[in-house]
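1. would you be able to build a 3D model of this:
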Amino acid sequence: MQVPSLSISRRTRKTPFSRRVQEAGVKAYTVYNHMLLPTVFESVEEDYKHLKSKVQIWDVSCERQVELWGPDAGRLAQMLTPRDLSDMALNRCYYTPMVDETGGMLNDPVTTKLAEDKYWVSVADSDLLFWIKGLAHAFRLEVDVDEPDVSPFAIQGPKAEDLVARVFGERIRSIRFFHYDYVEFEGQRMVLARSGYSKQGGFELYVDGSKWGEPVWDAFMEAGADMDVRAGCPNLIERIEGQLLSYGNDMTRNNTPHECGLGKFCQTQQAIGCVGRDALLRVAVEGPVRQIRSVAIDGDPVPPCDELWPIIGGGRQVGTISSAAYSPDFRTNVAIGMVRMTHWDDGTKVQVDTPHGMRSATVWETPFCNQEG
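-> Residues are numbered from 1 along each chain as shown. Take a look at the predicted model:
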């Protein structure tokens with residue numbers, strides 16, 4: 001049976017790196033924020049092995065920036081999230097769960113504070129721009145909300161710091177996790193943050209201006225030629241091992257941050273102005289009845305998880321699996337699932353109804369990558 005192809009039009013936007021990505025031999029894409037996001041180069045397994053041992057450069061332009069700029073930018077930023085931004089410094093990037101008035105998750109972006117009156121919100125896959133513009137209009141805030149021509153470019157893997165130092169100098173080694181500094185590329189000032197959608201370590205360069213996309217790509221490929229640098233992308237296996245959640249897949253507007261295991265990023269009591277604050281204060285008191293967990297599924301490799309798989313415990317459904325893949329390193333199927341409190345304790349035995357039949361499984365409180373050794 002022929003596999004359907006993806007029809008590309010102006011509604012599915014290319015990126016400043018798309019030509020280089022194609023030249024690098026991309027084998028598959030997904031659509032993310034109406035843009036192309038590579039998902040496979042060699043194979044999911046080969047890309048995984050390389051990411052965990054070498055260094056990759058990723059086109060993650062699909063992490064679009066929503067720019068808040070004006071006297072009320074700080075007030076608007078706080079309205080979006082239950083994370084307290086009152087003490088946020090200018091060199092910081094915060095992981096910020098963003099919620100609606102019911103406390104339901106709308107997005108889980110990284111927010112960067114560029115000035116007292118300017119923020120970038122680096123969004124996951126949802127049209128958060130419209131929600132933010134709506135709030136700004138409804139509350140008559142003095143702030144411009146727009147999408148700038150800024151395209152994130154990720155450098156990820158154990159050798160990422162060495163590669164970035166070759167391009168921008170040794171001082172980048174002093175940038176701490178979820179902090180940023182400014183670097184120059186051919187005279188253009190850009191934000192460089194120690195962050196990224198992997199547990200292997202690395203940086204994200206916010207390429208300011210589409211014309212710089214290919215020159216940046218070429219500079220990193222040339223600088224890392226002897227380091228076996230390759231084009232890569234967020235890897236399904238590696239992100240599940242690290243319990244890196246995918247908005248729209250592992251969590252939706254039907255979930256609160258507390259259900260998603262993101263309570264540590266919520267200082268709801270102090271987040272005065274957050275539109276979902278009252279709803280989340282009630283949740284914080286009562287506690288969630290279900291929560292994200294890592295799950296090890298026994299047996300042969302499972303197929304891609306393109307629908308929710310029921311988790312069964314005590315003869316009834318106690319949760320769902322939303323992401324799954326076979327891990328060569330852990331030699332088991334690794335998965336992410338939303339599990340009821342009756343079965344979410346570490347080591348709890350359950351069953352998962354997969355497309356290949358019922359499988360025995362074990363619930364883990366911590367990500368797989370924290371269990372090595």
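
2. buried residues, stretch 339-346. List them.
-> 339-340, 343-344 (16 or more other C-beta atoms under 10 Å). (C-beta placed from N, C-alpha, C; glycine too.)

3. those: which two are farthest apart?
-> R340 and W344 (6.8 Å; C-beta to C-beta).

4. which residues touch D250?
-> Contact analysis of D250 by C-beta atoms under 8 Å, 6 or more residues apart in numbering lists 260, 292, 322-323, 336, 338.

5. and with 7 Å instead?
-> Contacts for D250 were tallied using C-beta atoms under 7 Å, 6 or more residues apart in numbering; they are 292, 322-323, 336.

6. what's the answer for T366, then?
-> S294.

7. any idea how far M105 is from it?
-> From T366 over to M105 the distance is 21 Å, taken as C-beta to C-beta, to the nearest Å.

8. kindly report the same for G74.
-> Separation of G74 from M105 (C-beta to C-beta) stands at 22 Å.

9. neighbour-wise, which of those two wins?
-> Ranked by neighbour count (other C-beta atoms under 10 Å), G74 and M105 place M105 first, with 25 against 21.

10. so the more buried one is in contact with C260, correct?
-> Yes. Counting by C-beta atoms under 7 Å, M105 does reach C260; the two are 6.4 Å apart.

11. spit out the residues that contact those two alike.
-> Between them, M105 and C260 share the contacting residues M251, judged by C-beta under 7 Å, 6+ apart.

12. got any ranges where the stretch 251-373 of the chain has weak pLDDT?
-> For the stretch 251-373 of the chain, the stretches flagged by pLDDT under 70 are 371-373.

13. all helices of it, in order?
-> For the stretch 251-373 of the chain, helices defined by DSSP state H, counting those that start in this stretch occupy the ranges 277-286.

14. can you point me to the longest strand in the chain?
-> When the chain is scanned for its longest strand (criterion: DSSP state E), the result is strand 316-327.

15. can I get that one as CSV, trimmed to CA atoms?
-> Once non-C-alpha atoms are left out, strand 316-327 reads as follows in CSV (Å, rounded to 0.1, in the frame of the first residue of the first chain):
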residue,chain,number,x,y,z
ARG,A,316,-10.9,-1.4,34.7
GLN,A,317,-9.3,1.4,32.8
VAL,A,318,-7.1,3.6,34.9
GLY,A,319,-5.4,5.7,32.3
THR,A,320,-4.1,6.1,28.7
ILE,A,321,-0.8,5.9,26.9
SER,A,322,-0.2,8.9,24.6
SER,A,323,3.4,8.3,23.4
ALA,A,324,5.4,5.1,23.0
ALA,A,325,8.5,3.7,21.3
TYR,A,326,11.0,0.9,21.7
SER,A,327,14.2,2.1,23.5
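
16. could you report the neighbour count for T332?
-> 17.

17. show me what it is bridged to.
-> S327 (DSSP bridges).

18. how about D59?
-> In this entry, D59 is beta-bridged to F153, by DSSP bridges.

19. how far away is it from E23?
-> From D59 across to E23, the span is 12 Å (C-beta to C-beta).

20. with neighbour numbers in mind, choose between those two.
-> D59 (28 against 11).

21. so what's the more buried one up against?
-> Listed by C-beta under 7 Å, 6+ apart, the contact set of D59 reads 15, 17, 21, 38, 153.

22. list the buried residues in stretch 135-148.
-> 135-136, 141, 143, 145.

23. same question, stretch 56-63
-> Result for stretch 56-63 [16+ other C-beta under 10 Å]: buried residues 56-63.

24. same deal with stretch 203-223?
-> Here stretch 203-223 shows 203-208, 212-213, 216-217, 219-221, 223 as buried, counting by 16+ other C-beta under 10 Å.

25. rounded mean pLDDT for it, please.
-> The average pLDDT for stretch 203-223 rounds to 98.

26. endpoints of it, how far apart?
-> Stretch 203-223 has an end-to-end distance of 15 Å (criterion: C-alpha to C-alpha, to the nearest Å).

27. which residues sit against it?
-> Counting by C-beta under 7 Å, 6+ apart, 16-17, 19-20, 57, 149-155, 160, 163-164, 166-167, 185-186, 188, 190-196, 229 sit against stretch 203-223.

28. what's the ChimeraX line that selects buried ones from those?
-> Entered in ChimeraX, the line below selects the buried ones among these, by 16+ other C-beta under 10 Å:
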select :16,17,20,57,150,151,152,153,154,155,160,163,164,166,167,185,190,191,192,193,194,195,196,229
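
29. mind checking which of the contacts of stretch 203-223 are in helices?
-> Counting by DSSP state H, the contacts of stretch 203-223 place 19-20, 160, 163-164, 166-167 in helices.

30. domain-wise, how is the protein divided?
-> What automatic domain parsing lists as the domains of the chain is 18-63+149-239, 65-146, 290-373.

31. could you dump those domains into a markdown table with distance to F265 added?
-> Formatted as a markdown table, those follow (distance: least, C-beta to C-beta, whole Å):
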| stretch | distance to F265 |
| --- | --- |
| domain 18-63+149-239 | 11 |
| domain 65-146 | 5 |
| domain 290-373 | 13 |
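
32. having no further points to raise, I will conclude here.
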